[in-house]
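K.L.:
give the three-dimensional model of this entry:
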Amino acid sequence: MPKKRRELKYIIKTTLPTLLHINNHSKRKVGNIGENMLAIESGFPEGWFYIKSKTNDHVLEPHCLSVNAGARIVANKQRFGFDADSQLWNYDNGYIVNKASGKVLDIQGGYIRTFHRTYLCQWDRKPSTEASNQNWTFLPGGFISPAFHEGFVLHLRGHFGRSNIEGTQILIHQAKDDDHHKQTWYFEPEQNQPKILSPPIPKECPDYFF
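P.N.:
A predicted model of the protein is given here:
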């Protein structure tokens, strides 16, 4: 290989990760950089995974295990095995896809409300040109943020311990500089879990939210 070509290859290899802010632990094998930019720099793991709150280890899933578009996303105790599909997610070029419903995480109503609560829901996947409210990125510190709404992150609703109640809804909220324990998350791959069901799926689904 000619010297100039080797030098160019070295420059690309050493500087591209810095320009893209890539987390070395979340690199993916990609072909076309243009088509896979979001997958490279997302910070999300490959395959199916749980999204867990650093506050209480509860995980995200559609309310009442719904597979319908518009169902709000809540945090519940983690389940394992074949009945955990509603709690498993996959990152696909900006979208976060639910295993049970095939729907994607969505900012309810399509935009963030300044003076009213904005909820996280699931919805049918939109074309990339119309999906500004369905694209997500993972930020340092454990924040999950809408890719096109800088300064906002996923947030556990509730005060005075109510955020620890099962079925707590998820909001899109302004990121906090401190006291942000309800805004930080981590991932747990599906394959790390035993093939059992624990705890059982709730038999009743309340009509109210916390």
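K.L.:
residue contacts, Val153?
P.N.:
Leu139, Phe143, Ile144, Ser145, Ile172, His173, Gln174, Ala175, Gln183 (C-beta atoms under 8 Å, 6 or more residues apart in numbering). In this view, the C-beta of every residue, glycine as well, is placed from N, C-alpha and C.
K.L.:
pretty sure Ile96 sits in a strand.
P.N.:
Yes. If the criterion is DSSP: H, G, I helix; E, B strand; the rest coil, then Ile96 is within a strand.
K.L.:
how many residues are close by it?
P.N.:
24 (other C-beta atoms under 10 Å).
K.L.:
kindly report the same for the one 10 residues further on.
P.N.:
Applying the criterion other C-beta under 10 Å, we find 24 residues in the vicinity of Asp106.
K.L.:
give me the distance between it and Lys126.
P.N.:
Between Asp106 and Lys126 the distance is 8 Å, computed by C-beta to C-beta, to the nearest Å.
K.L.:
which residues do these two both contact?
P.N.:
With C-beta under 8 Å, 6+ apart, Asp106 and Lys126 have common neighbours Gln134.
K.L.:
how far away is the closest residue to Thr118 other than its chain neighbours from Val74?
P.N.:
Nearest non-adjacent residue to Thr118, counting by C-beta to C-beta, 6 or more residues apart in numbering: Ile172, 4.3 Å away. Here the criterion is C-beta to C-beta. By it, Ile172 lies 14 Å from Val74.
K.L.:
so which residues make contact with the helix or strand harbouring Tyr186?
P.N.:
Here Tyr186 sits within strand 185-189, counting by DSSP states H and E. The contact list for strand 185-189, computed with C-beta under 8 Å, 6+ apart, reads 44-45, 47-54, 78, 142-144, 154.
K.L.:
rerun at 10 Å
P.N.:
Strand 185-189 is contacted from outside by 26, 43-55, 57, 59-60, 75, 78, 87-89, 91, 138, 141-144, 153-154, 156, 170, using C-beta atoms under 10 Å, 6 or more residues apart in numbering.
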